[in-house]
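1. model this:
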Amino acid sequence: MRLQFILFALIFPICAFSQVKLGNGTDVVKPNSSLKILKLDREVDSNEVLQLKDQFFQSSDFIPNLGLSKFNVWLSLIVENNGRSSSYLLDIAYPLLDEVELYELDSTGQLVTIAQLGGNKNFEERKYQHANYIFDLDIEPSERKELFLRVKSSEQIILPLSIATPVSIWEKLLEDNILVGLYLGVVIIMSIYNLFLFISVRDYSYFFYVIYVLFLGLTQLGIVGFNFQYLWPGYPEWERVSIIFFACISSIAVLFFTSNFLNVKRNAPLARWLLFGLLFLFLFSFVCTAFGYVQFGFQIMQTATTLESIVLFVLSLWVLQKGYQPAKYFFAAWAVLLIGALIFLFKDYGILPYNLFTSNSFRFASIVEMALLSFALAARINILKQQKEESQSRELAISQENERLIREQNIVLEQKVNERTRELTQSNESLQTTLTHLKDTQSQLVEAEKMASLGQLTAGVAHEINNPINFVTSNVAPLKRDIKMVWDTLDEIERIAFSEDLSVKQKQEQIQAYKEELDIDYLKEEVDFLLKGMHDGASRTAEIVKSLRIFSRVDEDTLKYADINEGLESTLVILGSIINEGMEVQKIYGDIPEIECYAGKLNQVFLNILTNAIYAIDKKFGRNFGGILKIQTSIYEDPSFISILISDNGIGIPSHIKEKIFEPFFTTKDVGEGTGLGMSIAYNTIAKHEGRIVVESEEGQGTIFNLIIPIKQDS
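-> Next comes the predicted model:
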């Protein structure tokens, strides 16, 4: 029934009758060819229709198909009762009409309203609770009446009229209802069955098929009026547009079903654009209808449905010719549906007789189509299952072949692994030997660095101690001479004092003369000077020994609290021999607490950094004045850390090597002047103290080392 809206009407002339004659039989009379029709491009009301009787034209269709019209249409019919019954019913078996009004011409020549029905009124307002429009015809035997029918619809206007006694009409309607009920049962069964299949196999072809069947069923039920009668009898506005919505949804679902089922993307890729175009038309029809353009939306749906039927029929034939076997069921399904639609239309135009089969041919074809599409899905699943089994068989054969190859390869691989294992064992032994040599070499280099530091320490201490010791040594001989002169003076004074030949006065004169001869005052000054010099030399020696004792805690491996200022000072004392006279040493020792550290290792760090600073200054200034070595200690920004700032205005560090200064064996000194381990050891020592070294340097301007060390080490 759905496709009758989309095919062009075929007009076949038949003999016209001027009136409908009712007899005594139970046959249903089809008065369609006896109708006269008035169809103008404007509205015509009941007051002027009689004035336009000369513009009525005789219907040439067995079932009038007036197409689409924005305005109402009038029909005229003369009925003559040749039977004995006076009670008849007029049945219009087309529930899609929006307005249906029946009038009769009374004896005064005026139109009298018999009944007003239509889809724009609530269903409960009807006298006869049936989807068709049923009117009472009270006409006495031998009486002749002229009837007028006013109809209007936003959809196609088709007028399958029937007149008969109530018993005959209701028998006919009961047959129709039974067939519609059977159709509904098939729709429900096919939907539920394929829905369960979709849930089981998760193939979306089944899902689209279920949507298609459900909304195709709703469309067919809407066409025969069952939706309005049983689902929403109080909503005529929804009834007016629902069939278009359902038809669009059903058609869209069949597009997706076709694309998925026929694998259009692979079998007919260009046809996808046709499907997209049809999808757009159905969506456009849906939107137009939703916004109130019902008749325009219906026209778009008609056009799209016609194109869809042709495209899917041709597409299924094309895919079938390419060897895709499931397409044969699809092709057969659409062929049956088109044949059913043609039979239905030929019945409407009188080419085929009106009977149970022809009047329900489209629904019969629709049922066959559903079954064939369901068979198509089953065949597709079987083909996929067969392909899967064949694929599994091929995979099994390949797997067995791979297993054989793997066994053979395992034997070869095991041999190669054994050979490789022996090679790796030999390489491992060689690497172990090399690693041992490297460790020994590293230990030797570290010891060499320690020995270099020790040599520098020894040279510095020797130089520093040599000066005060020489000073003491050089004062010994003059002091011995002066002491001898003192003893000689004592002996001479004792001789004079105990001489009995001299008077006291003479003794005093001789002693005074001897003192003047010796210049005793100068002797006293010289002795005091020599003793003071020896005292200073001894004090300097004691200071150097103390600094040496503080510095030489290199091998202490336990954390102890130590005075960093004292450690820096002792390091400067030891380095005194390489600090030339033109170099200025600025010491700014802050009030910092003792820190928990490995004191000897930190002294080693100070020694390395200060040595490099002195080296950089010497490279730039030589023995000239201008070099500045600055040492500053303070509490860091974080009060749990101290900062040790060692800066110089020497040659600086080039930017391209600044990141390398802490790498082992990296040095900028000449060959023989360093091992390249000093700064690496310094970096690791500070890291061991959970601190860090920040280096700032500008080539030609100098370098700043900032040692940031925590006051207390984490346990």
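2. centre of the chain versus the helix or strand hosting residue 260, how much separation?
-> According to DSSP states H and E, residue 260 maps onto helix 236-261. Put simply, helix 236-261 sits 35 Å off its chain's centre (C-alpha atoms, centre = their mean, to the nearest Å).
3. for residue 639, grab phi and psi.
-> phi -60, psi -10 (degrees, to the nearest 10).
4. what is the neighbour count of it?
-> Residues lying near residue 639 (other C-beta atoms under 10 Å) number 8. Where C-beta positions appear, they are placed from N, C-alpha and C, glycine not excepted.
5. ranges for the helices of the stretch 101-250 of the chain?
-> Under the criterion DSSP state H, counting those that start in this stretch, the stretch 101-250 of the chain carries helices at the ranges 166-201, 204-223, 226, 236-261.
6. do the stretch 351-500 of the chain as well
-> Under DSSP H, counting those that start in this stretch, the stretch 351-500 of the chain gives helices at 356-359, 361-497.
7. tell me the angle the helix holding residue 260 makes with helix 204-223.
-> 150 degrees (axes from the mean of the first three to the mean of the last three C-alpha atoms, to 10 degrees).
8. circling back: compare the helices of the stretch 101-250 of the chain and report which one is nearest to residue 432.
-> Nearest to residue 432, of all the helices of the stretch 101-250 of the chain, is helix 166-201, at 62.6 Å by C-beta to C-beta.
9. now that closest one: buried residues?
-> 168-170, 172-173, 176, 179-180, 183-184, 186-187, 190-191, 194-195, 197-198 (16 or more other C-beta atoms under 10 Å).
10. circling back: tabulate the helices of the stretch 101-250 of the chain (a markdown table), appending mean pLDDT and distance to residue 308.
-> Shown next, in a markdown table, are those (pLDDT from 0 to 100; distance: least, C-beta to C-beta, whole Å):
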| stretch | mean pLDDT | distance to residue 308 |
| --- | --- | --- |
| helix 166-201 | 81 | 20 |
| helix 204-223 | 84 | 12 |
| helix 226 | 82 | 24 |
| helix 236-261 | 87 | 6 |
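11. got these as TSV, with distance to residue 309 columns?
-> TSV is the format used below for the helices of the stretch 101-250 of the chain (distance: least, C-beta to C-beta, whole Å):
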stretch	distance to residue 309
helix 166-201	20
helix 204-223	13
helix 226	24
helix 236-261	9
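12. ok, for residue 372, nearest residue in space, not its chain neighbours?
-> Spatial nearest neighbour of residue 372, excluding adjacent residues (C-beta to C-beta, 6 or more residues apart in numbering): residue 333 at 3.7 Å.
13. let me fix that: residue 133
-> Leaving aside its chain neighbours, residue 133 sits nearest to residue 92 (4.2 Å; criterion: C-beta to C-beta, 6+ apart).
14. where does residue 702 fall, phi/psi-wise?
-> Per-residue torsions, residue 702: phi 130, psi -180 (degrees, to the nearest 10).
15. ok, the spatially closest residue to it that is not a sequence neighbour to residue 583 distance?
-> Distances taken as C-beta to C-beta, 6+ apart put residue 649 closest to residue 702, at 4.0 Å, once the chain neighbours are dropped. In this view, residue 649 and residue 583 are 10 Å apart by C-beta to C-beta, to the nearest Å.
16. overlap of the contact sets of the two?
-> 617, 627, 628 (C-beta atoms under 8 Å, 6 or more residues apart in numbering).
17. wait, isn't residue 41 in contact with residue 71?
-> Yes - using C-beta atoms under 8 Å, residue 41 is in contact with residue 71, at 6.6 Å.
18. returning to that earlier point: and the residue nearest to residue 133, what are its phi and psi?
-> Main-chain torsions, residue 92, degrees, to the nearest 10: phi -110, psi 110.
19. so what's the residue count around it?
-> Other residues near residue 92 number 20, with proximity taken as other C-beta under 10 Å.
20. what's near enough to touch residue 617?
-> Counting by C-beta under 8 Å, 6+ apart, residue 617 makes contact with 583, 627, 628, 629, 648, 649, 650.
21. do residue 343 as well
-> Shown in contact with residue 343 (C-beta under 8 Å, 6+ apart): 352, 357, 358, 361, 362, 365.
22. so residue 580: helix, strand or coil?
-> coil (DSSP: H, G, I helix; E, B strand; the rest coil).
23. identify the residues contacting the closest residue to it other than its chain neighbours.
-> Using C-beta to C-beta, 6+ apart and skipping residues adjacent in sequence, the residue nearest residue 580 is residue 623, 5.5 Å away. Listed by C-beta under 8 Å, 6+ apart, the contact set of residue 623 reads 580, 581, 582.
24. show me where pLDDT drops low in the stretch 601-715 of the chain?
-> The stretch 601-715 of the chain contains residues with pLDDT under 70 at 665-666, 668-676, 715.
25. mind jotting down where the helices sit in it?
-> For the stretch 601-715 of the chain, applying DSSP H, counting those that start in this stretch gives helices covering 678-688.
26. one step back: and the helix or strand just after the helix holding residue 260, what's its mean pLDDT?
-> Toward the C-terminus, helix 236-261 is succeeded by helix 264-267 as the next helix or strand (DSSP H and E). Helix 264-267 comes out with an average pLDDT of 84.
27. cool, stretch 103-123 as well?
-> Regarding stretch 103-123, the rounded mean pLDDT is 83.
28. wait, residue 341 touches residue 365, no?
-> Yes - assessed by C-beta under 8 Å, residue 341 is found in contact with residue 365 at 6.9 Å.
29. what's the local residue count around residue 82?
-> By other C-beta under 10 Å, the residues close to residue 82 number 12.
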